[in-house]
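Undergrad: mind looking at a prediction? Sequence and model below.
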Amino acid sequence: MKHIIFVMLLLTGTLFAQEKLKKATPVETSNEFILAQTHYKIGDYTRSYSAFKKLFLEYSDHVQVNYYLAMSATQLKLYDEATAAFERVLIVAPEYHRARLEYARVQFILGFKEEAKKEFLKVAQYPIPENVRKNIEMYLAKIDGAQNDSTFIALGFGYMYDDNINNGIEYDSYNLPGFFNLELNGDEPQSSTAFLTFFQISHIQTLTKNSPWSIKHSGMMLYKNQTKNDFYNFSYYAYTPTLYYNDVKNKSEYSLQVGIEKIYPGDRVDFTVYSIEPKYRLLLNKNTIVSAYLTYNEFHYEEQVDKMKAYRKKVLGGSVKYKDFEYILEFEKDDREFGERTDLNKNIVSNTFLYQYNIEPSLFLNLKYQHTQTRYNDKDVFFDNNRKDNTNVYSIGVTKIINKKDFITLNYTKTNNSTNQEAYDYNKNAVFMNYTWRFKL
């Protein structure tokens, strides 16, 4: 009988008495902490918030200080500060279920339903009091009901500097071995700043309630305006509907995306891209996601004089994401449809490495390295060889999330293209800053 009583107490007390099982730290026995906690318990949240804020400045990683600071901020509807404090608690004490439950409620209030659902489900997998479980189920029902039909909007403005917008070469001149070794002047790199504006709208709809099938409609517009040479301006429009099947039992997802893209470059060589992409994603474990996909694109040019530029692109790709690391491997084959242009038939292999470091809950460091090998299938008569390019891209950037939905990004990218045809050797450096607003309708 004693054993049964003990088990029942354990099951019902796990969530709300967990912090009492731990030995109090010197901070928690201090007069300042006890007074601040008393203010909270009697409902004087303004004073408790001020007191725990002062304690936080001295004990920034202390679990209970951050917990009560978050709870006080929640009562005062300071949800952004509450979010940051709860995240600090869960970084140090990920098994602190009561803090995770309160964090999930704050995310729900802020409208971040997916994040709230993920946190509620983490708590629900543990033995908790029945009334708490019913409350979690109530929140999950509200979230699932809202997720049947959701619309999101993103609006962004950016500014960038590029020291080589025309891919000007490193040399003053180059020779054509296949044409009597003729010497030609190389294009000098042109630098310019540019303004970018983009708008994106996405509508996600579950086909029927509790159905594994859903469809996402995405539309995007992007404008890039150079301040010095409008020849390198462009406008971009895209519509990409995607059908998803979520296999919860096997922790996998199947999708099929089709798309149409319209590109209007500053040189007036306008073209349209039609695409289709089936994709498979699998959650191997809580830290690892693998994916595989096939992409088929057709490029069609609008003006009759440009019709000979039409070509097809086929890509076989896959990726592995482990925690904050991601590796992407792609094999691409491009084929021209008409004519005899030697720069369209080619094979490309690219390796991309991505890493995101969480400096703090709302600040991220983004690193990227990409190596691409391009091998052209047709011999260039002027250079008397088949062109071979090796392109390396290095990128570093930081992203700051504001109000859990908007974000600002600062990024630096260096690109180096080395080739066996001197007319295409180039280096470029670009700096980009962007602010994005996100809304849910």
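TA: Yep, that arrived. Residues are numbered from 1 along each chain as shown.
Undergrad: make sure residue 105 is indeed in a helix.
TA: Yes - Residue 105: assigned to a helix according to DSSP: H, G, I helix; E, B strand; the rest coil.
Undergrad: surely it touches residue 142?
TA: No - the criterion here is C-beta atoms under 8 Å, and residue 105 misses it with residue 142 at 11.6 Å. Placement of C-beta: from N, CA and C, glycine included.
Undergrad: can you list the domain ranges for the protein.
TA: According to automatic domain parsing, the chain comprises the domains 2-146, 149-440.
Undergrad: mind checking which of residue 105 and residue 142 has more residues around it?
TA: residue 105 (19 against 14; other C-beta atoms under 10 Å).
Undergrad: residue contacts, that one?
TA: Counting by C-beta atoms under 8 Å, 6 or more residues apart in numbering, residue 105 touches 74, 116, 139.
Undergrad: and if we set it to 10 Å?
TA: 74, 82, 86, 116, 119-120, 135-136, 139 (C-beta atoms under 10 Å, 6 or more residues apart in numbering).
Undergrad: could I have stretch 58-65 exported to PDB, CA atoms only?
TA: Only the C-alpha atoms of stretch 58-65 are listed here, as PDB (Å, rounded to 0.1, in the frame of the first residue of the first chain):
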ATOM      1  CA  GLU A  58      23.600  39.700 -10.700                       C
ATOM      2  CA  TYR A  59      22.600  36.100 -11.300                       C
ATOM      3  CA  SER A  60      21.700  36.000 -15.000                       C
ATOM      4  CA  ASP A  61      21.900  32.200 -15.400                       C
ATOM      5  CA  HIS A  62      20.000  31.300 -12.200                       C
ATOM      6  CA  VAL A  63      17.000  29.100 -12.900                       C
ATOM      7  CA  GLN A  64      14.600  30.400 -10.300                       C
ATOM      8  CA  VAL A  65      15.500  34.000 -10.700                       C
END
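Undergrad: model confidence over it, on average?
TA: Averaging pLDDT along stretch 58-65 yields 90.
Undergrad: go on, stretch 264-278?
TA: In this model, stretch 264-278 has an average pLDDT of 90.
Undergrad: make a PyMOL selection of whichever of the contacts of residue 105 turn out to be buried.
TA: Here is the PyMOL command that picks out the buried ones among those, judged by 16 or more other C-beta atoms under 10 Å:
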select buried, resi 74+82+86+116+119+120+136+139
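Undergrad: I'd like the contacts of residue 105 as JSON lines, with pLDDT and distance to residue 338 appended.
TA: As requested, these are exported to JSON lines (pLDDT from 0 to 100; distance: C-beta to C-beta, whole Å):
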{"residue": "74", "pLDDT": "91", "distance to residue 338": "65"}
{"residue": "82", "pLDDT": "89", "distance to residue 338": "62"}
{"residue": "86", "pLDDT": "92", "distance to residue 338": "60"}
{"residue": "116", "pLDDT": "86", "distance to residue 338": "54"}
{"residue": "119", "pLDDT": "88", "distance to residue 338": "55"}
{"residue": "120", "pLDDT": "88", "distance to residue 338": "57"}
{"residue": "135", "pLDDT": "86", "distance to residue 338": "65"}
{"residue": "136", "pLDDT": "86", "distance to residue 338": "61"}
{"residue": "139", "pLDDT": "84", "distance to residue 338": "58"}
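Undergrad: closest one of the contacts of residue 105 to residue 200?
TA: Distance ranking of the contacts of residue 105 against residue 200, using C-beta to C-beta, places residue 116 first at 23.2 Å.
Undergrad: got phi/psi on the closest one?
TA: The phi and psi torsions at residue 116 (degrees, to the nearest 10) take the values phi -60, psi -40.
Undergrad: isn't it right next to residue 110, touching?
TA: Yes - applying C-beta atoms under 10 Å, one finds residue 116 in contact with residue 110, separated by 8.4 Å.
Undergrad: re earlier: what touches both of residue 105 and residue 142?
TA: With C-beta under 10 Å, 6+ apart as the test, residue 105 and residue 142 both reach residue 116.
Undergrad: make sure residue 137 is indeed in a helix.
TA: Yes - counting by three-state DSSP, residue 137 falls inside a helix.
Undergrad: pull the contacting residues for it.
TA: 120, 124.
Undergrad: excluding its backbone neighbours, what's nearest residue 426?
TA: Distances taken as C-beta to C-beta, 6 or more residues apart in numbering place residue 167 nearest to residue 426, at 4.7 Å, with adjacent residues excluded.
Undergrad: the one you found contacts residue 416, doesn't it?
TA: No - judged on C-beta under 10 Å, residue 167 makes no contact with residue 416 at a distance of 11.4 Å.
Undergrad: now do the shared contacts for these two.
TA: Contacts common to residue 167 and residue 416, judged by C-beta under 10 Å, 6+ apart, are 425-428.
Undergrad: for the helix or strand that contains residue 121, buried residues please.
TA: Secondary structure assignment for residue 121, by DSSP states H and E: helix 113-124. Residues of helix 113-124 classed as buried by neighbour count (16+ other C-beta under 10 Å): 113, 115-117, 119-120, 122-124.
Undergrad: for those residues, which one is nearest residue 187?
TA: Closest approach between the buried residues of helix 113-124 and residue 187, by C-beta to C-beta: residue 115, at 48.8 Å.
Undergrad: which residues touch the closest one?
TA: For residue 115, the contact set (C-beta under 10 Å, 6+ apart) comprises 83, 103-104, 106-108, 404.
Undergrad: in a markdown table: those residues, plus distance to residue 262 and pLDDT.
TA: What follows is those, written out as a markdown table (distance: C-beta to C-beta, whole Å; pLDDT from 0 to 100):
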| residue | distance to residue 262 | pLDDT |
| --- | --- | --- |
| 83 | 40 | 89 |
| 103 | 43 | 92 |
| 104 | 42 | 90 |
| 106 | 42 | 89 |
| 107 | 37 | 87 |
| 108 | 39 | 86 |
| 404 | 33 | 68 |
